[in-house]
Structures are given as C-alpha cells and as structure tokens.
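S.K.: Here is a sequence with its predicted model. Questions after.
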Amino acid sequence: MPDIISVIRNRRSVRKFKDKPVEDSKLLRILEAGRWAPSGLNNQPWRFLVIQDKDLQSKISRYTKYGRIITGANLLIVVLMDTADSYNRDKDLMATGAAIQNMLLEACVLGIGSCWLGEIVNQKSHVQKLLELDSDLELLAALAFGYPACKPISCRKKLKNLIIYPDLKSKDNKSLYRDGQ
C-alpha cells in the first residue's frame, strides 16, 4: 500500500480520458472513501449523485466552460450538500471538501484519473433544475472520473513561500524545510 504523501504528490487533475468504463467495484471504493471524510458532529452533509449516462452528462456539460471534461469522462459524480443535515455552513463546506479530496485520492490509488470541477457552481440553479433536485440539496462540485488518456503535469509553490508565522523575527524558518521545497 502506498504511503499517503506519495499518493497526494502523484494525484493530478486529469482532463482527458480513455474510452474505458470505470468498474463498479472501483466506483464503490471511491464513494466509500468520500463517505469516511470527517465532519462536524459527524453529520456527513455530503450526498453523491452518480451519473454514467452520456446524454445526461452532455446536458450538464452545457452549464460549465469545462463541459468537454464532463462529456469526455466515463463517470461523473455530482457532489451535493444536504442543507437539511447542515449545522454550520462553513464547517459543512470544509467537510464536503474533505470528502471530495478523499475520493480523488482513492481514485488515484486505483489508477483512475479525476478532475474536480468547481466552476459549475456558477450555474448551480440551472443544474439543480435539470437534475430535479430537492431544494435541500445544494450543488457544490462535479467530479469527472475515467482512465487517464495522458499523464498530466503540475507544479507547486515552494513550501517556504506558503508558511506564515506571527512573529517572523523569532522563528528560524530554515529549520522547517529543506532547500528547494
């Protein structure tokens, strides 16, 4: 089993997929990973709408400028927050983000590519109407999955540029990271 930091470093947003369906057993593992995310009061406010119908994916794709990613995916999971189960919106949004990250990491372990599409929330009312969702279900993201058609690359800012200390004069930043990180 790979260590978690290796999985985190190797996960990338995949935007082009092979024409190969994601097996049900792998889909269930991805959903299970999302289910085990932490949430305040263990309220688990997330809901996962699994879409494998290409026609429906095509209709959804019209509501985002990244529609080609949705239509090219073999599997789409629309991530919703059940506002009826919500007790604190900020905490529940963070918890749902953790559920999403869990699913993306599990997909990576399984050799499945994924892409978190958040821009679609700009058209959430249209998507919610299209999907005929209850008013308690709020669209938070769409996740595209499939076998990668190519290996994406990415870069990260240096860690030293992301760390903030309240009193920089009293802290030796160099002791926390290796040069080049």
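M.R.: Received the coordinates, thanks. Only a predicted model underlies this, so the values are computations on that prediction, with no experimental measurement involved. Numbers count the residues shown, from 1 in each chain.
S.K.: The biggest strand by length in the chain - contacts with which helices or strands?
M.R.: Ranked by number of residues, the top strand in the chain under DSSP state E is strand 137-146. Applying 3 or more Cβ pairs under 8 Å, 6 or more residues apart in numbering; DSSP states H and E, one finds that strand 137-146 contacts helix 67-72, strand 75-82, helix 89-109, strand 113-117, helix 124-130. Where C-beta positions appear, they are placed from N, C-alpha and C, glycine not excepted.
S.K.: In the last one, which of the residues would be classed as buried?
M.R.: The reference is to helix 124-130. 127-128 (16 or more other Cβ atoms under 10 Å).
S.K.: Kindly report the same for the longest one.
M.R.: Taking 16+ other Cβ under 10 Å as the neighbour-count basis, helix 89-109 is seen to contain the buried residues 92, 95-109.
S.K.: Pick the one among the residues you listed closest to residue 146.
M.R.: residue 107 (9.5 Å; Cβ to Cβ).
S.K.: check contacts around the closest one.
M.R.: Residues near residue 107 by Cβ atoms under 8 Å, 6 or more residues apart in numbering: 26, 30, 113-114, 145.
S.K.: Could you export those as JSON lines, including pLDDT and distance to residue 13?
M.R.: Output for the contacts of residue 107, formatted as JSON lines (pLDDT from 0 to 100; distance: Cβ to Cβ, whole Å):
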{"residue": "26", "pLDDT": "98", "distance to residue 13": "18"}
{"residue": "30", "pLDDT": "98", "distance to residue 13": "15"}
{"residue": "113", "pLDDT": "98", "distance to residue 13": "8"}
{"residue": "114", "pLDDT": "98", "distance to residue 13": "7"}
{"residue": "145", "pLDDT": "98", "distance to residue 13": "11"}
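S.K.: With distance to residue 10 added, can I get these in CSV?
M.R.: Shown next, in CSV, are the contacts of residue 107 (distance: Cβ to Cβ, whole Å):
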residue, distance to residue 10
26, 17
30, 16
113, 11
114, 12
145, 16
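S.K.: Low-confidence regions, this protein specifically.
M.R.: 1, 167-181 (pLDDT under 70).
S.K.: hang on, residue 134 is in a helix, isn't it?
M.R.: No - going by DSSP: H, G, I helix; E, B strand; the rest coil, the assignment for residue 134 is coil, not a helix.
S.K.: so how far is residue 84 from it?
M.R.: As defined by Cβ to Cβ, to the nearest Å, residue 134 lies at a distance of 9 Å from residue 84.
S.K.: which residues does the closest residue to residue 143 other than its chain neighbours contact?
M.R.: In this structure, residue 143 finds its nearest non-sequential neighbour in residue 77, 4.4 Å apart by Cβ to Cβ, 6 or more residues apart in numbering. Counting by Cβ under 8 Å, 6+ apart, residue 77 touches 30-31, 48-51, 103, 142-143, 145.
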